[in-house]
Each structure stands twice: as C-alpha cells, then as structure tokens.
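Peer 1: For reference, the sequence and a predicted model appear below.
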Amino acid sequence: MSVPEYQYQTIEYKPNYFLHIFLFIITFFTVTIAGVQWVLKDPFELTNLHFGLPYSFSILFIIASHEFGHYFAARKHNVVTTLPYFIPFPPFPFILNFGTLGAVIRIKSFVPNRKALFDIGVAGPIAGFIATLLVLIYGFENLPDIEYLYQIHPEYRFLPQLPEGDLTFGDTLLFFLFRKIFSLLNSDAFIPPMNEIYHYPYLCAGWFGLLVTAMNLIPVGQLDGGHIIFAMFGDKHRYIARGFFFSLIAFGLFGVFDQNLGWPGWLVWAFVLYFIVKIEHPPVGTFGMLDKKRKIIGWVAIAIFILSISPVPIKIK
C-alpha cells in the first residue's frame with residue numbers, strides 16, 4: 001500500500017537502510033514462525049523452522065512484488081518515495097496469525113498529476129496479483145497426496161470423510177476457478193477443502209495474497225483502489241468510496257450475527273479506513289485525463305478486485 005505523506009512539498013529523502021533491513025529480517029522471522037504453526041509443528045524447536053520457509057518465501061515474494069510495484073512506478077514519475085517498510089506481527093498463540101501485517105511505502109513528494117497517481121496506485125496490486133498467481137499455480141501443480149494431510153491430522157485417516165474444522169478460509173472466484181481447472185487437469189489429485197488450505201504453504205500464501213490484493217483495491221480513500229478510482233472518475237469517486245465504506249460496515253454487522261453472511265473483521269477495517277486512511281481521496285496536483293490504455297488497465301484492476309475478494313474471508317467456529 002502506498003501512503004502519501006507530503007502531497008504538496010518536495011523534500012530530500014535519504015533511506016534508512018538499517019531500519020528497512022531490520023524490519024525485513026524481523027518480518028521474515030515472524031512469517032517463518034507462522035508458517036511452522038500453520039503445519040502444526042512446534043515453532044520453538046529450531047529443527048522445525050525449515051517447515052515454515054515455503055510459506056515465508058511465498059508471502060514475502062508477494063508482498064515485496066506489491067510494494068516494489070509502487071516504488072518503481074513512483075520512480076518512473078520522479079516521485080520521491082521510501083523503500084518498503086515490512087510490518088512483522090508476533091506469533092502469539094491462539095491468535096489467527098499470518099506473521100505479518102504486510103508492508104507500506106510512504107510517498108514523500110508531490111504527486112504531479114492523475115497519470116502519476118494512477119500508475120503508482122495500480123502498479124502495486126497488479127505486481128502483487130501476478131506474484132500471487134505464480135505462487136498459486138506452483139502450489140496447485142505440486143499438491144501432495146492426501147497422505148500429507150494425514151501426517152498433520154493422523155485422526156483423519158480413520159474418518160469416513162474429512163471434518164468441517166474450526167477454521168475455514170473464504171472462497172474467491174479465482175481460487176474457485178483454480179480448484180476447478182486443476183481438478184480437470186488432474187482428476188486423481190487431492191485438492192484440500194477450504195478448511196484445510198492453511199496446511200498447504202503455497203496455497204495459504206496465495207490465498208493471503210488474494211486477500212491483501214482485494215483489501216488494498218477497495219476503492220476508498222488512499223488505498224490503492226482509492227487512488228485508481230479517483231484517477232479514473234475524479235470527484236465522482238466520493239460516491240463509490242462511501243458506498244463501499246457502508247458496504248463494509250454492513251458485511252461486518254452481518255458477520256457479528258451470522259458468519260455465513262459476513263465477517264466481523266470488516267468492522268475493524270472500516271474503523272481503520274475512517275480514522276486513518278480516510279474515506280474520500282484528497283486532491284492531487286494537475287488533474288489531467290487518463291489515456292485509453294490506462295483506463296483499460298483500471299478496469300483490469302477492478303476485475304482483479306472482483307476475482308480476489310471474499311465477503312466472508314474467514315470463518316471460525
């Protein structure tokens with residue numbers, strides 16, 4: 001996610017390389033620990049750390065692709081921006097934990113026009129989405145047989161069918177299409193249900209990549225989706241932003257009463273958007289117009305959002 005800090009004042013910026021590297025190393029550690037926990041291994045046993053590497057490499061590849069998409073697009077337009085700040089999340093027990101809260105860059109200088117804003121906003125989600133596709137393709141092409149799941153859950157071997165489980169990841173259009181395509185390509189393959197996806201590092205990381213992409217593409221405020229919609233539709237963006245903001249609140253409230261209809265986490269995200277990201281996009285430079293190529297890319301980004309979003313991303317019994 002790109003967050004403008006100074007919209008109307010150009011400043012000199014010298015990267016604090018130590019801080020960026022330090023945050024990356026800490027995030028790599030917390031994400032690796034999370035990967036160990038997802039396959040139900042003891043993260044405090046050093047010999048188990050390698051179990052978390054497929055997950056951590058995949059997650060960090062997706063996040064880095066997203067943020068450096070923003071970074072290089074900003075550099076192309078001579079907009080001063082920081083390197084990515086990776087955000088670690090400690091592996092607390094009994095808390096749903098992906099090991100990271102993602103990453104962020106800060107725009108330090110004036111964004112000159114609509115084209116620059118659009119390019120910076122759209123480059124991250126598209127780069128992250130491509131990285132996510134690569135991880136998912138690799139994950140589905142290299143699915144282990146059901147014995148892998150039996151090693152994690154030995155009790156499943158003696159059940160007539162797999163149980164529902166306490167945690168289920170929400171399906172998306174893209175994830176659904178991947179399951180259908182790979183089941184057709186390999187009818188003998190065991191494709192795990194959504195309540196077991198998190199035991200499969202590449203599928204788990206790919207699912208997380210879709211979630212992050214979708215949340216960033218919500219067309220509100222200074223999220224990537226907000227930049228894109230503002231650049232495409234100008235002042236009309238405020239109506240789109242308000243509509244999506246109230247939709248998040250609605251799905252969050254539905255989730256409080258019925259997890260099949262919504263997700264309470266949307267209320268938390270709506271709180272963050274209202275008080276931190278803001279609902280409407282601030283004015284940017286010389287507004288200008290987008291060319292036809294950028295408008296097509298904008299609609300591609302909207303399609304990516306539709307393919308990646310799940311109204312109920314997580315269900316917990």
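Peer 2: Received the coordinates, thanks.

Peer 1: what residues are up against residue 79?
Peer 2: The contact partners of residue 79, by C-beta atoms under 8 Å, 6 or more residues apart in numbering, come to 107, 109, 110, 111, 112, 116, 120. For glycine as for every other residue, the C-beta is placed from the backbone atoms N, C-alpha and C.

Peer 1: what comes into contact with stretch 126-133?
Peer 2: 61-63, 65-66, 68-69, 206, 209-210, 212-213, 216, 297, 300-301, 304, 308.

Peer 1: Name the spans of this structure whose pLDDT lies under the cut-off.
Peer 2: For the chain, applying pLDDT under 70 flags the ranges 1-11, 93-94, 285-287.

Peer 1: Show me what counts as buried in stretch 169-189.
Peer 2: 169, 170, 171, 172, 174, 175, 178, 179, 182 (16 or more other C-beta atoms under 10 Å).

Peer 1: can you tell me which two in those are farthest apart?
Peer 2: Maximum pairwise distance in the buried residues of stretch 169-189, criterion C-beta to C-beta, is 19.1 Å, between 170 and 182.

Peer 1: Distance to residue 54 and secondary structure for the buried residues of stretch 169-189 - can I get that in TSV?
Peer 2: Output for these, formatted as TSV (distance: C-beta to C-beta, whole Å; DSSP: H, G, I helix; E, B strand; the rest coil):
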residue	distance to residue 54	secondary structure
169	17	strand
170	22	coil
171	22	coil
172	21	coil
174	21	helix
175	18	helix
178	18	helix
179	20	helix
182	18	helix
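
Peer 1: Kindly indicate which of those lies nearest residue 249.
Peer 2: Nearest to residue 249 among those: residue 170, at 18.2 Å, using C-beta to C-beta.

Peer 1: any idea what sits nearest the closest one, other than its immediate chain neighbours?
Peer 2: Excluding its sequence neighbours, the residue lying closest to residue 170 (C-beta to C-beta, 6 or more residues apart in numbering) is residue 310, at 3.5 Å.

Peer 1: So what does that neighbour have for phi and psi?
Peer 2: Main-chain dihedrals, residue 310, degrees, to the nearest 10: phi -130, psi 120.

Peer 1: Could you do residue 101 as well?
Peer 2: With angles defined as degrees, to the nearest 10, residue 101 sits at phi -110, psi 20.

Peer 1: about what we covered before: and of the buried residues of stretch 169-189, the nearest to residue 49?
Peer 2: Taking the buried residues of stretch 169-189 together and measuring to residue 49 by C-beta to C-beta, the closest member is residue 169, at 24.1 Å.

Peer 1: List the residues that contact that closest one.
Peer 2: 194, 195, 197, 198, 207, 313, 314.

Peer 1: Confirm residue 290 sits in a strand?
Peer 2: No: counting by DSSP: H, G, I helix; E, B strand; the rest coil, residue 290 is not part of a strand but coil.

Peer 1: That one contacts residue 231, doesn't it?
Peer 2: Yes: using C-beta atoms under 8 Å, residue 290 is in contact with residue 231, at 6.1 Å.

Peer 1: from the chain's centre, how far out does the helix ranked longest in the chain sit?
Peer 2: With secondary structure taken from DSSP state H, the chain has its longest helix at helix 114-141. Distance, stretch centre to chain centre, for helix 114-141: 10 Å (C-alpha atoms, centre = their mean, to the nearest Å).

Peer 1: list the buried ones in it?
Peer 2: Going by 16+ other C-beta under 10 Å, helix 114-141 has these buried residues: 114-136, 139-140.
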